[in-house]
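1. here is the input, now give the coordinates:
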Amino acid sequence: MAGRELVLVGDIGGTKTRLGVYENAVHRPHGTGRRVQGPIRIIEPATFPSASFPTLEALAREYLDRTRLRPDRAVFGVAGPIVAGRARVTNLPWRLSESGLRRALRVRSARLLNDLVATAWAVPVLGPRAMRTLNRGRPEPEGTLAVVAPGTGLGEAFLVWDGRRYRPYPSEGGHADFAPPTELAGDLLAFLRTTEPHVSVERVCSGIGIPHLYAFFRARATHDEPAWLAERLAAAGDPAPVIVEAALDRDRPCAIAVATLELFVDILGAEAGNLAVKVLAAGGLFLAGGIPPRIVPALHDGRFMRAFTRKGRMADLLARIPVRVVMHPAPALVGAACAAREDTGGT
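-> Down below sits the predicted model:
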């Protein structure tokens, strides 16, 4: 006996929104009450610039008109907190509600998840080909897992074993106070406090944070800003990728960009270690989001792990924690599909 439904899944971010459709095919072997489901596969994936649409409903309708798919349900990972089925997207003026999406998209149900919860759902099902290992460590079976995801903003989540499977839980840790891990980072905090009433970790450890680090080095005048880089930054809508590209250029790495990326990695490593200590992530720490896959060479040189383990008496514990970079291009879509499958009671 088999059933089939289509689920619209989405990863709603401040810069871009990814949509796709998950075919939730359920097979119930004859004579048993147990559901058996196959591997998750996302069809018709597409990416849209979020700011080009007034609402998620408008974006989703364009996608559905283009694909001519008619989903039965919808599950969206959203960059922001979810309260009572409602959300406001961080870094984007969209207000969302499950009831409004259900009516606008004409689906049986619509569910909103924190985007990092959606990504966390995917972590246990993504295979080794979707990961890069920074530290093999010695994972504890069924130990807590932690996810840190710098993209446009900074997301954090964790997963706890419930006796049968991992359950993800949200966090808005990216909006906690920035705690400088080094003297240089302390100077950065003092610099930002001249203009920012609250300096969160996200302000220095995300796509919106990288330009702040670059501005700090430019103000210190310890590194010259080449004219060609200044021109590129002036023309760029988003300066963060330009800075990262200049730092990782093998032929002519730019000193001010290299310093910016090194400080970013120090801060990311320290913050990942903070989360690992707080939730005792003995099962592993996963770096997700748009930035880590782009800066793997800068994460592999040892700087990240030194910052990650620089926790005094907790250093040995942190050295045993596996650390991996999620290389999958759209883990939140996979995670939204996992959540949809969980809603049907699948195994």
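
2. so where's the longest helix in the chain?
-> Longest helix in the chain, counting residues (DSSP state H): helix 255-279.

3. off-centre distance for that one?
-> Offset of helix 255-279 from its chain centre (CA atoms, centre = their mean, to the nearest Å): 15 Å.

4. do the same with stretch 72-89
-> 15 Å.

5. what residues sit buried inside that stretch?
-> 73, 74, 75, 76, 77, 78, 79, 80, 82, 87, 89 (16 or more other CB atoms under 10 Å). (Each C-beta comes from the backbone N, C-alpha and C, glycine too.)

6. circling back: only C-alpha atoms, please: export the helix or strand following the longest helix of the chain in PDB.
-> Downstream of helix 255-279, the next assigned helix or strand under DSSP states H and E is strand 284-287. Output in PDB follows, covering the C-alpha atoms of strand 284-287 (Å, rounded to 0.1, in the frame of the first residue of the first chain):
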ATOM      1  CA  GLY A 284      30.000  16.800  16.800                       C
ATOM      2  CA  LEU A 285      30.000  20.500  15.700                       C
ATOM      3  CA  PHE A 286      28.900  21.300  12.100                       C
ATOM      4  CA  LEU A 287      29.600  24.500  10.200                       C
END
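
7. just checking: what are the partner strands of strand 284-287?
-> Sheet pairing of strand 284-287 (DSSP bridges) gives strand 145-150 (parallel), strand 323-326 (parallel).

8. quick revisit: may I see the buried residues of the longest helix of the chain?
-> So for helix 255-279, counting by 16+ other CB under 10 Å, buried means 256-276, 279.

9. the nearest residue to residue 10 once chain neighbours are set aside bridge partners, please.
-> With CB to CB, 6 or more residues apart in numbering as the criterion, residue 10 has its nearest non-adjacent residue at 4.2 Å, and that residue is residue 76. Beta-bridge pairing of residue 76 under DSSP bridges involves residue 10, residue 112.

10. I'd like to know how far residue 76 sits from residue 85.
-> Per CB to CB, to the nearest Å, residue 76 is found 12 Å from residue 85.

11. give the residues shared as contacts by these two.
-> Listed as contacting both residue 76 and residue 85 by CB atoms under 8 Å, 6 or more residues apart in numbering are residue 112.

12. hang on, the residue nearest to residue 10 packs against residue 113?
-> Yes: between residue 76 and residue 113 there is a contact under CB atoms under 8 Å: 6.9 Å.

13. distance of residue 212 relative to residue 226?
-> 20 Å.

14. these two - which one has more neighbours?
-> Remark: of residue 212 and residue 226, residue 212 carries more neighbours, 20 against 15, as counted by other CB atoms under 10 Å.

15. distance of that one from residue 152?
-> 14 Å.

16. could you do residue 96 as well?
-> Distance from residue 96 to residue 152, by CB to CB: 17 Å.

17. so which of those two has more stuff around it?
-> Counted by other CB under 10 Å, residue 96 and residue 152 do not tie: residue 152 has more neighbours, with 24 against 21.

18. the residue lying closest to that one once chain neighbours are set aside is in what secondary structure piece?
-> Of all residues not flanking residue 152 in the chain, residue 14 sits nearest, at 4.2 Å (CB to CB, 6+ apart). Under DSSP H and E, no helix or strand contains residue 14.

19. let's have the buried residues of stretch 72-89 in TSV, adding pLDDT, secondary structure and distance to residue 127.
-> Output for the buried residues of stretch 72-89, formatted as TSV (pLDDT from 0 to 100; DSSP: H, G, I helix; E, B strand; the rest coil; distance: CB to CB, whole Å):
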residue	pLDDT	secondary structure	distance to residue 127
73	96	strand	26
74	97	strand	26
75	97	strand	22
76	97	strand	24
77	94	strand	20
78	91	strand	26
79	83	coil	26
80	81	coil	29
82	90	strand	28
87	91	strand	30
89	83	coil	30
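
20. closest one of those residues to residue 148?
-> Lowest distance from residue 148 to the buried residues of stretch 72-89 (CB to CB) belongs to residue 79, with 14.4 Å.

21. hmm, the closest one is touching residue 15, no?
-> No: checked against CB under 8 Å, the pair residue 79 and residue 15 is beyond contact range at 9.3 Å.

22. shared neighbours, those two?
-> 91, 151, 152.

23. so in the chain, where's the weakest helix or strand by average pLDDT?
-> strand 36-37 (a mean of 53; mean pLDDT, DSSP states H and E).

24. after it, next one along is what?
-> In the C-terminal direction from strand 36-37 (assignment by DSSP H and E), the next one is strand 42-49.

25. show me what counts as buried in that next one.
-> For strand 42-49, by 16+ other CB under 10 Å, it's 42, 48.

26. what does that strand rub up against?
-> Contacts of strand 42-49 (CB under 8 Å, 6+ apart): 9, 15-23, 59, 62-63, 66-67, 69, 330, 333-334, 337.
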